[in-house]
Structure formats: C-alpha cells, structure tokens
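Visitor: model this:
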Amino acid sequence: LGAEPEEAVRKRIAERRLAARRKLMGAFRTVRYLQGSWSTICAQRRTETAHAIEASTGAGGAELLGAEPEEAVRKRIAERRLAARRKLMGAFRTVRYLQGSWSTICAQRRTETAHAIEASTGAGGAELLGAEPEE
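Guide: The predicted structure is shown next:
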C-alpha cells in the first residue's frame, strides 16, 4: 500500500516538471522569434519612414535617417559574397593540397618499405607490396 501513493506522487511531480519545461521552452521560442523579427521590423520602419520623407521632400530620406543608400547595401552584400567565395576557394585549395601531399607521403612510405624488404630478404620487396618494380 505504501508504494502506490509514492509512485503516484512521483508521477505527478514528473508531469508538473514536464509541463513547466514545455512552458519554459515555449517562452524561449517566443523570445528567439521576437529577437529575430525585431531587427526586420526596425529595418522596415526605417525604410517606410525614409520613403515617406523622400516623397514629401523630394530626396534624401534614407540619408536623413542615417540609413544606408541602396547602392551601399548592394555593394556590402556583394563584398560579403565575394569574401565567402574566396574563403570557400581557400578551403578547396587547402584540401586539394593536402590530398596531393598525402598521396606523395604514402608513395614515399611504400617505396621505403619496398627497399627495406629488398634489403632484408634480398629479393622482391616491390612485388610483395604490389608496387611496380624499379629498374
């Protein structure tokens, strides 16, 4: 009799903890969503205000608000893409270089092992390793 109520209490406690965790995770998701969308909302408001100023004054709304002109934004995006492309090309070059270096190292090891076998046994080290014999 004493074990059943304890299990029921433990079960209730576990359910409450799970419910509290779900509630907390929901709050975290909401905060993350708001943080991500807040910058978008601010940018949209700045753009709308700049367009309104340009429509009323004739020009320069973005500059008055301290926002970047569209050409500057496009240029910054192009620069970021170029930097990312260069970084990727650097990674490809590094991998290619390492592959070449590794194959050279393996070939040297194979040759050294073949010579060691030939020196110790007196014959056929290259044939034992499956390499082409040197002439």
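Visitor: okay, and the helix or strand of this structure with the least pLDDT?
Guide: Ranking every helix and strand in the chain by mean pLDDT, DSSP states H and E puts helix 61-64 at the bottom, with a mean of 56.
Visitor: Show me what the helix or strand that it is followed by is packed up against.
Guide: Heading C-terminal from helix 61-64, the first helix or strand you meet, by DSSP states H and E, is helix 70-121. Counting contacts by 3 or more C-beta pairs under 8 Å, 6 or more residues apart in numbering; DSSP states H and E, helix 70-121 packs against helix 125-129. Any C-beta I mention is one placed from the backbone N, CA and C, and that applies to glycine too.
Visitor: out of all of them, which helix in this structure is the longest?
Guide: helix 3-57 (DSSP state H).
Visitor: show me the contacts for Val9.
Guide: Neighbour list for Val9: empty [criterion: C-beta atoms under 8 Å, 6 or more residues apart in numbering].
Visitor: State the number of residues packed around Lys23.
Guide: Per other C-beta atoms under 10 Å, the neighbour tally for Lys23 reads 10.
Visitor: So it versus Arg16, what's the distance?
Guide: According to C-beta to C-beta, to the nearest Å, Lys23 stands 11 Å off from Arg16.
Visitor: Next: Glu48.
Guide: 46 Å.
Visitor: And for Thr113?
Guide: 67 Å.
Visitor: Of the two, which one has the most company?
Guide: Thr113 (15 against 10).
Visitor: What distance do you get for Cys42 to Gly122?
Guide: Separation of Cys42 from Gly122 (C-beta to C-beta): 81 Å.
Visitor: same check, this time on Ala43
Guide: Per C-beta to C-beta, Ala43 is found 79 Å from Gly122.
Visitor: do Tyr33 as well
Guide: From Tyr33 to Gly122 the distance is 76 Å (C-beta to C-beta).
Visitor: likewise Glu79?
Guide: Taking C-beta to C-beta, one finds Glu79 at 66 Å from Gly122.
Visitor: I'm done for today, thanks for sticking with me.
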